[in-house]
Each structure stands twice: as structure tokens, then as C-alpha cells.
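Peer 1: Got a predicted structure here, sequence first:
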Amino acid sequence: MSCKSKVAPSVDFDHSCSDSVEYLTLNFGPFETVHRWRRLPPCDEFVGARRSKHTVVAYRDAIYVFGGDNGKNMLNDLLRFDVKDCSWCRAFTTGTPPAPRYHHSAVVYGSSMFVFGGYTGDIYSNSNLKNKNDLFEYKFATGQWTEWKVEGRLNDMWTISLQDREQAYWEEIEQSGEIPPSCCNFPVAVCRDKMFVFSGQSGAKITNNLFQFEFKGHIWTRIPTEHLLRGSPPPPQRRYGHTMVAFDRHLYVFGGAADNTLPNELHCYDMPSGRLFHAAAVIHDAMYIFGGTVDNNVRSGEMYRFQFSCYPKCTLHEDYGKLWENRQFCDVEFILGEREEKVLGHIAIVTARCKWLRKKILQARDRQKQKSKLECNEESEESGSGSQKDSSGKSSRGPPLLEVSIREADAQPFEVLMQFLYTDKIQYPRRGHVQDVLLIMDVYKLALSFKLSRLEQLCVQYIEASVDLQNVLSVCENANKLQLDQLKEHCLNFVVKESHFNQVIMTKEFELLSTPLIVEIVRRKQQPPPRVYSDQPVDIGTSLVQDMKAYLEGAGHEFCDIILLLDGHPRPAHKAILAARSSYFEAMFRSFMPEDGQVNISIGEMVPSTQAFESMLRYIYYGDVSKLPNLRSLSQPLLLDIIDSLASHISDKQCTEMSSDI
């Protein structure tokens, strides 16, 4: 029985969606007509044979096809379809690929494809077919095929760690609930934290049962598919050899063999013919199917694309990222390190995301006020001042940038930290390169000092994944110097591994290590410390959405620099945030900025309601539309109210489309 320590939960930095909030962007179109099939260029014979019983996976903007059979032989070639160019080619491969096979499985994890199991042998001789349970990895970046040698006991369901090859072993999962019967020729799909299985062959029996498996509790549940409401459509026929994919809370089933027919229930224009033993994958908001067996046992080399219906993705993180990149409307200048390098920023974003920097900015603002007060008193005592003022008494150049001195931070790691504040992510450099790993270690040091738990987790995940035999000693020495105990501990454990130790101590870098660190490594090898287990939950910090929500709801009140007037009622806001999220406000602040800092909100002679106005602000600040009522349930005046309040941010055509949809 193996003992496992508690580890920090993986931080999900998917910026396109949230479990608790649905987003709607105002940057519409152009989009494909939804719920329509579109036939794509088929695979030419000289690139790859027509086939069925193969697998398809999606990686970035490409579809990868592996294996299957062409009606005569089993295949083990790897084909690539570029969904942007709609072009086919053979994927580059090195190493020894899996043996030719069909009815295998393939998934993408990280930047690799993993192929498991299937049948090998002669397709005309059932006695010669061999059921495989081998596992192969294909790295998309290098084209390298590698077989994973694993040991363990297989049962109805199992798990294997893909994080660390040293810990690669099979572990049986204890299942409970209504477990599906043993079956074959069935697909699975994963949606959120659940896996779904639909239909398939169980011996001579074929069912159309839908089962749900919860990964957290290891519990199976059969989901009733009987149409209980009068007039609702029936569930799909029982079948096998079909495909199923998950998209936006829905499962999409296509094809297969159902009671001696080849169904194609997605009745749309230019629809694929019925087929089985094809393969499917999802890229962005579309499903791609390739190949399969069609009428008269003919293999297909066709590719089809099915456009799902979906809302456009939220651009919250991208908009704030552009504000950081363009450096428009900056109102704070950070003076960093002994060299006093300067980095511009926006008070609204920084104070919303980091309490440590918020305190620094408040202190600098107080000093600036005191300085301005003294200068004003001195100028009033002097006559004939050469300073040019406008009628309001302010400098014609506008307010000066607020200067904030931070001696403990250098410019390069501080800029990476700022990028995180604006976007909730960092642009990872080259993985494993010593200088880049050391840079992220400096960022990690700042994250600890500034108490940015979310950034800490990002840095730790990158550094630990980047440690290898070439850089481990440099990383360990730097961690020791910066007093980063967690990273130092990771490096020491990496060095003293049985497969690493002899290689590390024979390097020139080991001889150049400080004596105390050499002694610590030798002692660690001779007498490893006992492993410490902690049940304490790891603080993963707050997200950009959470911080900007709190900022709008009051946390950012003292940093407001613009007043929005709605029917004479003031609503304090933040200029940089409005400009980042709305081209209307950006153009206004660039070409015309009211002297008193007040902006009237109206559409011609019409003033939007408070409800519509507050909904628009929630969208601007943190991308939220969850509190909008059901549009179809609203009265027509209130509907027009909401549309008009958004009219400044979208085109007339989009307003017309929105009205017609309602």
C-alpha cells in the first residue's frame, strides 16, 4: 500500500469560463452558422488511407488521426489536419510507434497524446487478434514516440499518474453506485468533474443507457433518459461504434450501428452519411469527425465539421492585458531597485489585486499630497510665477504620475508580476533554461513578499516542472540564497533520487557548490528526513474576477477617478478600467476628458435605468451577466433600456440582431 502526501490543488487558470459565473462578450462575430454540418477536404490517399476504428484527438488548432484499419490491414500512421488551413499532412514522428491497431483509445494530456490498448493482428483472422494494454506517449513538440513501461493490476477502472514517470503505476479504483455492465465499442466523454458513458455492446446485448461517473466520489449513477414530458424527443437509439463529445454542458452523440441501421440523427444541411467506427474531437466551438465505416463496409476518408451554438468568449483578461501592454492612461510609476528602473502602471488594477502594493500606493499618495500642499504654499508667497495654469488653476499638463519606490524589486521580475496582476497568468519563458528558471524564482520571491498566493502557486508549478539534471544544482543554490525553502526541498529530493544522484555529483557544477550545500546533499542521501504530511488546505488566492468584483462593490472606492452621472445621481468609477473594457470610454478619455471628471450617461434623450446601468458596470469590471434577469421575461420598455445602455459599446447591427432574437 503506497502512502501519498497531500499536495497543493492544481490551480485552474482557464480564462474563458468560470464554474460560478457565465460571461458574455460584446465583441460579436463573425461566426459560423450554428448547428450546421460543413464538409471539409477529405484525406488524399497518398497522405493516408481511408479508415475506421481509429482515434482522433485535438491539440491546439489541429486534429490528429492515429491507427485504425483500411479494410485490409491495421494501421499505425499518424495524420494531421490543420483546422485553419483545412489541409492534411503526415505528422512528423520519431522513435518506435505503437504496433498497428484498431479499437484503441487516445487522449491528450499536457502537450502529449497518450495511446492505450486496442487490438493488433490480422483483421481477417479473429484467432490472430491480440488484445493490448500497452501505453504510448507521442510528444507533439518533438514528434517522439515513447512506450511507458508500467506495472500493476488492471480491473474495470484504473488510474495512472501522468505527472511523474518515477511514480507511474496502475492503481485500481474502488467504484460504487450503479456500475455499467462490461461492454465494448462505446465512447466516453468528460464534462466538468464527471465522465459519461452511453450505449455500447454488452455481450450480445445492446443498450441505450447513459451512466455518469463522479471522479471525486468514484460513484456511478445511471441517468434516466426516458422522455417524461409530453412532446419531448425520445433518447437516441441503442447503438455501438458511435462517438460522443462534451461541449458547453451538453453531450453530442453521432453515428454508430443501431438495430442494423447507420443513423445520423443530427439532421442538418450537408450532413454526413451514417457511419460507425469513426472518431470525433472538439476544437474551440466545433466538433470534427473523420473516417469510419459507411454503407457496404466501405472505409471513409471524409472530414466533417459541426458548428455548435455558443456565446462568444469573455475578453476580460485579454482587455486588461492590452491595457498593460499599451500603457495608456497610466497614473503610477514604480521606481525599482538600486538602479531606479521605472515601470508604469494603473492604480485601479494594482490596488484591486495586491494589498501590499495598495499600501505602498496609499503611502506615496499621502506624501504627494503633503508635497503639493507645501509647494502651493510656497507659490502663494512668491509673485510672478512662470508656471502656466489654466482657468481651473491646474497645470496644463494634467496631474503628475504618482511615484512609488520599491527597493526590494528589480524591473524584470516586477514586470512579470505586473503581467499577472492584469491577466491572472504569466508568460512562461523557455522551460528548463537556467536563466529563465532563475527569473521565475525571483518572481516567486516577490510573490511571497507581496503575499500573492495565486502567483506563488503558478511559479512553484513552473519551477518544479522545469527542474532537470542540467539545472537542478543552479536552482538549488539560488533557492538556498533566496531562502525559498519549498523549492530547495524539491531540488534536494530530486538530486538524491537513485536514478539522479550519481549523474549529478559527477558534474562540474557539483564541485563548484558551496561547502554547506554539498554537505547537506550528502547527508540527505545518507539519511533522508521523514516525510511530513499536512492536512492544511493550501491557499490559492483570489482570481482576477473575484478581485475586480470586490473592487466594484466598494473595495476600490477611495481610488475612483471618474464620476458617471446617471440622471443626476453620481456613480464613482475608475477611468483605466472603463477604457480597457469599452472602446466608447477609451475614445472619450483620449479625445475629450471633462475638466470636472464627470460623464453623463444617456442615449440621446433617454436615460437608462439603474438596473441596466449597474448590469453594464458588472460586465465591464468583471465580465458578469449572471444577475441579468431572463430577457424573455422582461417588459419591452426594460428590454429596450438594457439594449440602449449597451448601444454605446456595440454596433447598430448587433443591437438589431439582439432585438430580433428577443
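Peer 2: Sure thing, it's come through.

Peer 1: before we move on, which element is the nearest residue to residue 507 once chain neighbours are set aside in?
Peer 2: With sequence-adjacent residues excluded and distances taken as Cβ to Cβ, 6 or more residues apart in numbering, residue 507 is closest to residue 473, at 7.1 Å. C-beta: built from backbone N, CA, C; applies to glycine. Using DSSP states H and E, residue 473 sits in helix 472-482.

Peer 1: So which elements touch the lengthiest helix in the chain?
Peer 2: Criterion DSSP state H: the longest helix present in the chain is helix 355-381. Counting contacts by 3 or more Cβ pairs under 8 Å, 6 or more residues apart in numbering; DSSP states H and E, helix 355-381 packs against helix 347-353, strand 402-406, helix 434-450.

Peer 1: Please work out which of the ones you listed is packed deepest.
Peer 2: helix 347-353 (a mean of 25; mean count of other Cβ atoms under 10 Å).

Peer 1: picking that back up, distance-wise, check the residue nearest to residue 507 relative to residue 442.
Peer 2: Here residue 473 is placed at a distance of 18 Å from residue 442 (Cβ to Cβ, to the nearest Å).

Peer 1: contacting residues around residue 40?
Peer 2: 81, 86, 288, 303, 304, 305 (Cβ atoms under 8 Å, 6 or more residues apart in numbering).

Peer 1: rerun that using 10 Å as the cut-off
Peer 2: The contact partners of residue 40, taken as Cβ atoms under 10 Å, 6 or more residues apart in numbering, are 63, 81, 83, 86-88, 288-290, 302-305.

Peer 1: beta partners of it?
Peer 2: residue 303 (DSSP bridges).

Peer 1: residue ranges for the helices of the stretch 451-600 of the chain, please.
Peer 2: With helices called from DSSP state H, counting those that start in this stretch, the stretch 451-600 of the chain shows them at 453-466, 472-482, 485-495, 501-505, 508-511, 515-526, 544-550, 575-581, 583-591.

Peer 1: Which stretches in the stretch 1-150 of the chain count as strands?
Peer 2: Assigned by DSSP state E, counting those that start in this stretch, the stretch 1-150 of the chain shows strands spanning 37-40, 55-59, 62-66, 78-82, 87-90, 105-109, 112-120, 130-139, 145-148.

Peer 1: Neighbouring strands of the fourth one in the sheet, and parallel or not?
Peer 2: It refers to strand 78-82. strand 62-66 (antiparallel), strand 87-90 (antiparallel).

Peer 1: Need those strands in JSON lines (columns: distance to residue 600, mean pLDDT and mean neighbour count).
Peer 2: Formatted as JSON lines, these follow (distance: least, Cβ to Cβ, whole Å; pLDDT from 0 to 100; neighbours: other Cβ atoms under 10 Å):
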{"stretch": "strand 62-66", "distance to residue 600": "50", "mean pLDDT": "94", "mean neighbour count": "24"}
{"stretch": "strand 87-90", "distance to residue 600": "53", "mean pLDDT": "94", "mean neighbour count": "16"}
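
Peer 1: circling back to that earlier point, run the angle between the longest helix of the chain and helix 434-450 for me.
Peer 2: 70 degrees (axes from the mean of the first three to the mean of the last three Cα atoms, to 10 degrees).

Peer 1: report the angle between the axes of helix 355-381 and strand 402-406?
Peer 2: On the basis of the same axes, to 10 degrees, helix 355-381 is oriented at 130 degrees to strand 402-406.

Peer 1: Any buried residues in helix 355-381, and which?
Peer 2: Buried positions in helix 355-381, judged by neighbour count with 16 or more other Cβ atoms under 10 Å: 357, 358, 360, 361, 364, 365, 368.

Peer 1: From those residues, pick the one nearest residue 527.
Peer 2: Nearest to residue 527 among these is residue 357, at 43.3 Å by Cβ to Cβ.

Peer 1: Would you agree the closest one is in contact with residue 402?
Peer 2: No - judged on Cβ atoms under 10 Å, residue 357 makes no contact with residue 402 at a distance of 11.8 Å.

Peer 1: Need the overlap of contacts for these two.
Peer 2: Contacts common to residue 357 and residue 402, judged by Cβ under 10 Å, 6+ apart, are 332, 334, 345, 347.

Peer 1: Tell me which of those residues fall in strands.
Peer 2: Of those, the ones assigned to strands by DSSP state E are 332, 334, 345.

Peer 1: residues in contact with the first one?
Peer 2: Contacts were defined as Cβ under 10 Å, 6+ apart; by that measure residue 332 touches 343-351, 357, 360-361, 364-365, 401-404.

Peer 1: ok, the ones in strands among the shared contacts of residue 357 and residue 402 vs residue 138, which is closest?
Peer 2: Nearest to residue 138 among these is residue 345, at 42.8 Å by Cβ to Cβ.

Peer 1: wait, doesn't that closest one sit right on residue 576?
Peer 2: Yes - counting by Cβ under 10 Å, residue 576 is a contact partner of residue 345 at 9.3 Å.

Peer 1: joint contacts of the two?
Peer 2: Common neighbours of residue 345 and residue 576 (Cβ under 10 Å, 6+ apart) are 323, 330, 331.

Peer 1: if you skip the residues just before and after it, what's nearest to the first one?
Peer 2: Spatial nearest neighbour of residue 323, chain neighbours left out: residue 580 (3.9 Å); criterion: Cβ to Cβ, 6+ apart.

Peer 1: Tell me which residues touch the one you found, please.
Peer 2: 316, 318-324, 326, 328-329, 346, 348-349, 422, 574, 586, 620.

Peer 1: Distance-wise, check it relative to residue 318.
Peer 2: 10 Å.

Peer 1: Next up, the contacts around the closest residue to residue 496 other than its chain neighbours.
Peer 2: In space, and not counting its chain neighbours, residue 496 is closest to residue 525: 4.5 Å by Cβ to Cβ, 6+ apart. Counting by Cβ under 10 Å, 6+ apart, residue 525 makes contact with 492, 495, 496, 497, 498, 501, 505.

Peer 1: Neighbours of residue 609, how many?
Peer 2: 16 (other Cβ atoms under 10 Å).

Peer 1: Help me confirm that it comes into contact with residue 567.
Peer 2: Yes - taking contacts as Cβ under 10 Å, residue 609 lies within contact range of residue 567: 9.2 Å.

Peer 1: and of the helices of the stretch 451-600 of the chain, who's closest to residue 252?
Peer 2: helix 544-550 (28.6 Å).

Peer 1: For that closest one, which outside residues touch it?
Peer 2: Contacts for helix 544-550 (Cβ under 10 Å, 6+ apart): 13, 15, 18, 20-21, 23, 314, 316-317, 320, 348-349, 351-354, 420-425, 454, 541-543, 555-556, 574, 577, 581, 618, 620-624.

Peer 1: As a markdown table, the shared contacts of residue 345 and residue 576 with distance to residue 464, neighbour count and pLDDT would be great.
Peer 2: Converted to a markdown table, the shared contacts of residue 345 and residue 576 look like this (distance: Cβ to Cβ, whole Å; neighbours: other Cβ atoms under 10 Å; pLDDT from 0 to 100):
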| residue | distance to residue 464 | neighbour count | pLDDT |
| --- | --- | --- | --- |
| 323 | 31 | 24 | 94 |
| 330 | 35 | 17 | 94 |
| 331 | 37 | 20 | 92 |
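
Peer 1: and which of the residues you listed is nearest to residue 46?
Peer 2: residue 323 (49.6 Å).

Peer 1: The closest one falls within a helix, correct?
Peer 2: Yes - applying DSSP: H, G, I helix; E, B strand; the rest coil, one finds residue 323 inside a helix.

Peer 1: and it, how far is that from residue 564?
Peer 2: Residue 323 sits at a distance of 19 Å from residue 564 (criterion: Cβ to Cβ).

Peer 1: What of residue 472?
Peer 2: For residue 472 relative to residue 564 (Cβ to Cβ), the value is 54 Å.
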